[in-house]
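# Prediction below, plus the sequence it came from.
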Amino acid sequence: MISKKMQDALIDQINAELYSAYLYLAMAAEFESKNLKGMAGWMEVQAKEETAHAKRLYDFVNNRGGRVTLKAIDAPPLEWETPAAAFEAAYEHEQKVSAMIHNLVDIARSEKDKATEVMLAWFVNEQVEEEASTSEIAEKLKMIKDSANGLFMLDSVLGKRE
């Protein structure tokens with residue numbers, strides 16, 4: 001059985017993961033509006049991953065005898081000044097999510113909840129990947145600066161993500 005404290009913290013994380021999906025869909029919409037279909041596709045895949053993360057936590061709480069109660073999801077920003085700004089915001093967001101996951105691990109340890117701690121190890125490792133991928137793209141966009149050719153090339157590469 002999962003403790004109320006751990007259950008509530010995981011429910012907050014479900015909400016955060018669903019917000020992440022909203023955020024990446026908002027970024028995808030922004031890229032679509034600028035005809036950057038590759039970047040839009042990359043963000044759509046990212047949004048699906050975030051939804052899957054929320055579902056993984058949802059299933060875990062239910063499997064531990066908890067009760068998931070869903071909360072309202074905040075509206076994300078609607079636009080970013082540049083693709084670089086959007087990917088920098090995505091990287092900063094992933095850093096925030098990593099800190100939230102680390103806090104969940106701390107709660108699991110304080111609750112002596114080994115099952116949750118073990119489950120969260122997957123998320124800790126996933127966040128390393130999430131931060132690395134968004135940081136890499138943000139850094140490439142900084143290198144590209146105002147190069148339309150560079151932007152279109154990167155957009156093409158990002159569009160290959162499945």
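Sure thing, it's come through.
# where exactly do the helices run in this structure?
4-33, 37-63, 83-110, 114-144, 148-158 (DSSP state H).
# Now render these as CSV, adding mean neighbour count.
Any C-beta I mention is one placed from the backbone N, CA and C, and that applies to glycine too. Converted to CSV, the helices of the chain look like this (neighbours: other Cβ atoms under 10 Å):
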stretch, mean neighbour count
helix 4-33, 19
helix 37-63, 19
helix 83-110, 18
helix 114-144, 16
helix 148-158, 15
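# Residue 75 is nearest to which of these?
Nearest to residue 75 among those is helix 4-33 (7.4 Å), distances taken as Cβ to Cβ.
# so what secondary structure elements neighbour the closest one?
helix 37-63, helix 83-110 (3 or more Cβ pairs under 8 Å, 6 or more residues apart in numbering; DSSP states H and E).
# Of all the helices of the chain, which one is nearest residue 77?
Of all the helices of the chain, helix 4-33 sits nearest to residue 77, with 6.4 Å by Cβ to Cβ.
# quick one: average pLDDT of the closest one?
For helix 4-33, the mean pLDDT works out to 98.
# quick one: it to helix 114-144, angle?
Following axes from the mean of the first three to the mean of the last three Cα atoms, to 10 degrees, one obtains 20 degrees for the angle between helix 4-33 and helix 114-144.
# which one of the helices and strands packed on helix 4-33 lies closest to residue 28?
Using Cβ to Cβ, the nearest of the helices and strands packed on helix 4-33 to residue 28 is helix 37-63, at 3.8 Å.
# Could you pull up the contacting residues of the most centrally placed residue in the chain?
Centroid-nearest residue in the chain: residue 20, 4.7 Å away (criterion: Cα atoms, centre = their mean). By Cβ atoms under 8 Å, 6 or more residues apart in numbering, the contact set of residue 20 is 47, 50, 53, 93, 97.
# let's see it at 6 Å
Residue 20 makes contacts with residue 50, as judged by Cβ atoms under 6 Å, 6 or more residues apart in numbering.
# distance of it from residue 156?
Residue 20 sits 25 Å away from residue 156, taking Cβ to Cβ, to the nearest Å as the criterion.
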